[in-house]
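> Structure here, sequence nowhere to be found:
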Ligand SMILES: Cc1cc2nc3c(=O)[nH]c(=O)nc-3n(C[C@H](O)[C@H](O)[C@H](O)COP(=O)(O)O)c2cc1C
């Protein structure tokens, strides 16, 4: 059974990111996947200090919730990242999480995530997709650097209000189908 872990980087519960992620997970579950999600705002994940203690097979001295997530990430076959665009980048919650993936940036730990499939979903208010360019690039470059396999980037432009994504039936359908395909 394929194990899928979703990381939700919007602070808004039941907001557009959350709804989109749930749609992907619904699609994945319809194909028998085992799914789990992390709502980052529920946890304490402090900033990376760049001390690289985690590269020496030692626990991060921050001793916050991130330490519990490394095993969860390693244990998953597929990851889904979701963040709205905040000032043309990901939310601070999501950026903080990405920074802490530095744990995987040493040869020994890199092997634990190398080749894992990743999908990214990004809702934002502006209609012009160029508003998401920097956010997409952060994921492309960072996940590429970690030798992960970015399979899908789902953009959802034109959604500002909480729940506005519910009016975008085509995008929701796309999310469901990406979720299904992630199980293969
Ligand atoms: C602090 C902040 C900054 C934002 N910056 C942008 C932006 O640069 N471009 C844009 O299109 N939307 C921007 N938005 C709008 C959100 O991307 C949009 O409302 C999104 O649907 C929120 O997703 P959520 O419901 O999952 O939180 C911003 C919203 C906030 C609160």
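Yep, that arrived. Model, not experiment: these values are computed from the prediction.
> how many neighbours does residue 101 have?
Around residue 101 there are 20 other residues, counting by other Cβ atoms under 10 Å. Placement of C-beta: from N, CA and C, glycine included.
> and the longest helix anywhere in the chain with the ligand, contact?
Scanning the chain for the longest helix, with DSSP state H as the assignment, gives helix 16-30. Yes. Helix 16-30 is in contact with the ligand by Cβ under 6 Å from any ligand atom, via 16, 17, 18.
> For the very next helix or strand once past that helix, give the mean pLDDT please.
Counting by DSSP states H and E, the element after helix 16-30 in chain order, helix or strand, is strand 34-39. Per-region confidence: strand 34-39 scores 98 on mean pLDDT.
> Note down every partner strand of strand 34-39 and its orientation.
strand 3-8 (parallel) (DSSP bridges).
> which other residues reach the partner strand?
By Cβ atoms under 8 Å, 6 or more residues apart in numbering, the list of residues contacting strand 3-8 from outside reads 17-18, 21, 24-25, 28, 33-40, 72-73, 75-82, 94, 97, 179, 182-183.
> do the same with stretch 17-33
1-4, 6, 8-10, 12, 35, 37, 39, 78, 80, 82-84, 119, 121, 123, 154, 156, 163, 165-166, 171-172, 175-184.
> just to revisit the earlier point, I'd like the residues of helix 16-30 next to the ligand as TSV, with neighbour count and pLDDT appended.
Below are the residues of helix 16-30 next to the ligand laid out as TSV (neighbours: other Cβ atoms under 10 Å; pLDDT from 0 to 100):
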residue	neighbour count	pLDDT
16	27	98
17	28	98
18	21	98
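> Out of these, which is nearest to residue 130?
Residue 130 lies nearest to residue 16 out of the residues of helix 16-30 next to the ligand, by Cβ to Cβ, at 18.7 Å.
> can you list the residues of the protein near the ligand?
10, 12, 15-18, 84-88, 123-126, 131, 159-160, 162.
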